Every structure is written in structure tokens, then in C-alpha cells.
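>>> sharing a sequence plus its predicted fold:
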Amino acid sequence: MQSAGVYSDRGVEKKGKGRQFRTLGFHSLRHTFVCELANASVPADVRRQISGHNDEKIHERYTHLDVETKRRALSRLRPLI
């Protein structure tokens, strides 16, 4: 992250089980990267290979589709009547 010029403070300290996350870090960039690919209609198997995710469930946690992507998908449905 330093070599990319990205500096971040530590996030809120978690209590109990879990770990403390930075407000901006490697996983933030990975989330953005995967989401951008998903919203560009890149297939999940290709996104997983590029991002290095081996587990489909983990990859799903990184994938967040924007509203416009969902609208485009729904517009492809044929009318029911």
C-alpha cells in the first residue's frame, strides 16, 4: 500500500472476537476491483481468477452490484404478458 501511495489510519478497534481493520487498505482496493469487474459484466469465474479468490463464497462477499447493473439485468427479461 505504501508503494502505491495509499496511507490509512487504523479503523475502530473491535471488541471481542475479530480483528481491527484499517479504514482503507488492501481489501478495500480488492473489493473495489472485484465490484468494478462485476459491474462491467465480467463473468464470476474470470473475476475469481484475476483477484486470486479460490472460494466462491468468499468471492461473493467481495462482489457488490450497483443499481444500474441490476436494472440492465432486469431489462433483459421478456414481458410476462
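Now that the structure is in, tell me what you want to look at. The shown structure was predicted, so the numbers you read here are calculated from the model rather than taken from an experiment.

>>> so where do the helices sit in this structure?
With DSSP state H as the criterion, the chain has helices at 26-39, 44-51, 56-62, 67-75.

>>> just give me the neighbour total for the residue lying closest to residue 53 once chain neighbours are set aside.
Distances taken as Cβ to Cβ, 6 or more residues apart in numbering place residue 59 nearest to residue 53, at 4.0 Å, with adjacent residues excluded. The way it works is simple: take the backbone N, C-alpha and C, and place the C-beta from them, glycine included. Neighbours of residue 59 under the rule other Cβ atoms under 10 Å: 18.

>>> so residue 59 sits against residue 45, correct?
No. Using Cβ atoms under 8 Å, residue 59 is not in contact with residue 45; the gap is 9.4 Å.

>>> if we can go back for a sec, and the helices of the chain: which comes nearest residue 81?
helix 67-75 (15.9 Å; Cβ to Cβ).

>>> thanks a lot, catch you later.
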